[in-house]
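Trainee: The sequence and its predicted three-dimensional model are supplied below.
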Amino acid sequence: MKIVSAIKRVPDEIQQRLITRFTDAEFIFCHGIDEARHYIGEADVFITYGEDLDAEKIKAAKKLKWIMVLSAGMDKMPFEEISERNILVTNVKGIHAQPMAEYAISMLLQVSRKAKDLIDFEQSHEWNRQPVMNEINSRTMVLLGTGAIAQEVARLAKAFNMKTIGVSKSGRMRDHFDQVFPVDQIDLVLPLGEFIVAVLPSTPETQHLLTADHFKKMPDHCVFLNMGRGDLVSSEVLLEAVTESYILHAVLDVFEEEPLPEEHPLWSEEKVTVTPHISGLSPHYVPRGFALFEENLEVFLSGEGTIRNIIDPKRGY
């Protein structure tokens, strides 16, 4: 069995651990897709971030049985071709939970404690105590999505005595939530959200799910944070929401177009905080991803146990 990785800079200790443990497999660790494309035709298993795969590569991968995606986002995968070949797809859902939850809490604190203003005052050597500081303690957080990332955000929010309300497709209760509602009741939930954190995947159902009318239903002191997928809401709607003061502030880590163009008005809008899709970054990301791959590879080779994070190609998640 040949296992080809397109992941750049896989640490030597991870490579050696896999080679030592799985002696019946041949591993080829490539420095990105440009190198890996020369070996994909021989691969039984392909490890990728997903965005570098297209229909042409799937057709070239004649022996491919399993694609391990070292990402949670699957919106750029060629699922039609994958489904036709009945190729197993798994991802690393869950490993983003800790860094993304820390990002969310840190951003909400920065907005509440006026970090932007304080940095400006520091740079201009201005002793200014005028900004009105707020607390996140005992406030209400609405989370759009209730998966592993949202559950970790909700868990951390409980350290601040926050009420946590989730919105999901099923409306099923999850750990660390006080209430969970189905998405068809979102209009009832948004007015409660003093902090609204979106961690939804990109699917046909979630694309442009939020409209200007939804933002009008949010409290005018609401802080909206999106670290799920950029196509949840259009840039035009976001700009309207902040310029018309439907909400207090928007923190955006994901966008319809990435990288966000240099001239885009979101960059200069005072009530918007822009970060370059970094909420999930962590020095532990690749080790966690390969640990999950190693666990699944043992099951894949032995046929004993349950493979984690199997993706349904027809649903895309």
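Mentor: That came through, no problem.
Trainee: Angles on the backbone of Glu51, please.
Mentor: phi -70, psi -20 (degrees, to the nearest 10).
Trainee: just Ser302 next, same as before
Mentor: Backbone torsions for Ser302, taken as degrees, to the nearest 10, come to phi -90, psi -20.
Trainee: For it, give me its contacts.
Mentor: If you count contacts by C-beta atoms under 8 Å, 6 or more residues apart in numbering, Ser302 has none. (Each C-beta comes from the backbone N, C-alpha and C, glycine too.)
Trainee: Tell me the spacing between it and Phe22.
Mentor: 11 Å (C-beta to C-beta, to the nearest Å).
Trainee: what's the answer for His214, then?
Mentor: 49 Å.
Trainee: What of Gln185?
Mentor: 47 Å.
Trainee: more crowded one of the two?
Mentor: Phe22 (17 against 11; other C-beta atoms under 10 Å).
Trainee: what's the distance between that one and Leu301?
Mentor: From Phe22 over to Leu301 the distance is 7 Å, taken as C-beta to C-beta.
Trainee: again, but for Asp24
Mentor: Taking C-beta to C-beta, one finds Asp24 at 7 Å from Leu301.
Trainee: list residues touching both of these two?
Mentor: Listed as contacting both Asp24 and Leu301 by C-beta under 8 Å, 6+ apart are Met1.
Trainee: Comparing these two, which residue is more hemmed in?
Mentor: Set Asp24 next to Leu301 and count neighbours by other C-beta under 10 Å: Leu301 wins out with 13 against 6.
Trainee: can you give me how far stretch 290-309 is from the chain middle?
Mentor: For stretch 290-309, the gap between its own C-alpha mean and the chain's C-alpha mean amounts to 23 Å (C-alpha atoms, centre = their mean, to the nearest Å).
Trainee: And the average pLDDT for that stretch is what?
Mentor: On average, the pLDDT along stretch 290-309 is 98.
Trainee: Identify each buried residue in it, please.
Mentor: By 16 or more other C-beta atoms under 10 Å, the buried positions in stretch 290-309 come out as 290, 292-293, 296-297, 300, 309.
Trainee: Any chance of a markdown table for those residues, columns secondary structure and distance to Tyr49?
Mentor: Below are these laid out as a markdown table (DSSP: H, G, I helix; E, B strand; the rest coil; distance: C-beta to C-beta, whole Å):
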| residue | secondary structure | distance to Tyr49 |
| --- | --- | --- |
| Phe290 | helix | 13 |
| Leu292 | helix | 14 |
| Phe293 | helix | 13 |
| Asn296 | helix | 17 |
| Leu297 | helix | 18 |
| Phe300 | helix | 20 |
| Asn309 | coil | 15 |
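Trainee: any chance of the residues you listed in a markdown table, plus distance to Val197?
Mentor: A markdown table is the format used below for the buried residues of stretch 290-309 (distance: C-beta to C-beta, whole Å):
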| residue | distance to Val197 |
| --- | --- |
| Phe290 | 28 |
| Leu292 | 24 |
| Phe293 | 28 |
| Asn296 | 29 |
| Leu297 | 34 |
| Phe300 | 35 |
| Asn309 | 22 |
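Trainee: What is the nearest of those to Glu258?
Mentor: Asn309 (24.0 Å; C-beta to C-beta).
Trainee: quick one on the thing from earlier: among the buried residues of stretch 290-309, which one sits closest to Asp220?
Mentor: Asn309 (39.5 Å).
Trainee: isn't Lys57 right up against Ile40?
Mentor: Yes - counting by C-beta atoms under 8 Å, Lys57 touches Ile40, with 5.8 Å between them.
Trainee: Who has more neighbours out of those two?
Mentor: Neighbour count, other C-beta under 10 Å: between Lys57 and Ile40, Ile40 has more, with 23 against 20.
Trainee: Where does the residue lying closest to Thr206 once chain neighbours are set aside sit: helix, strand or coil?
Mentor: Nearest non-adjacent residue to Thr206, counting by C-beta to C-beta, 6 or more residues apart in numbering: Leu200, 4.8 Å away. Classification of Leu200 by DSSP: H, G, I helix; E, B strand; the rest coil places it in coil.
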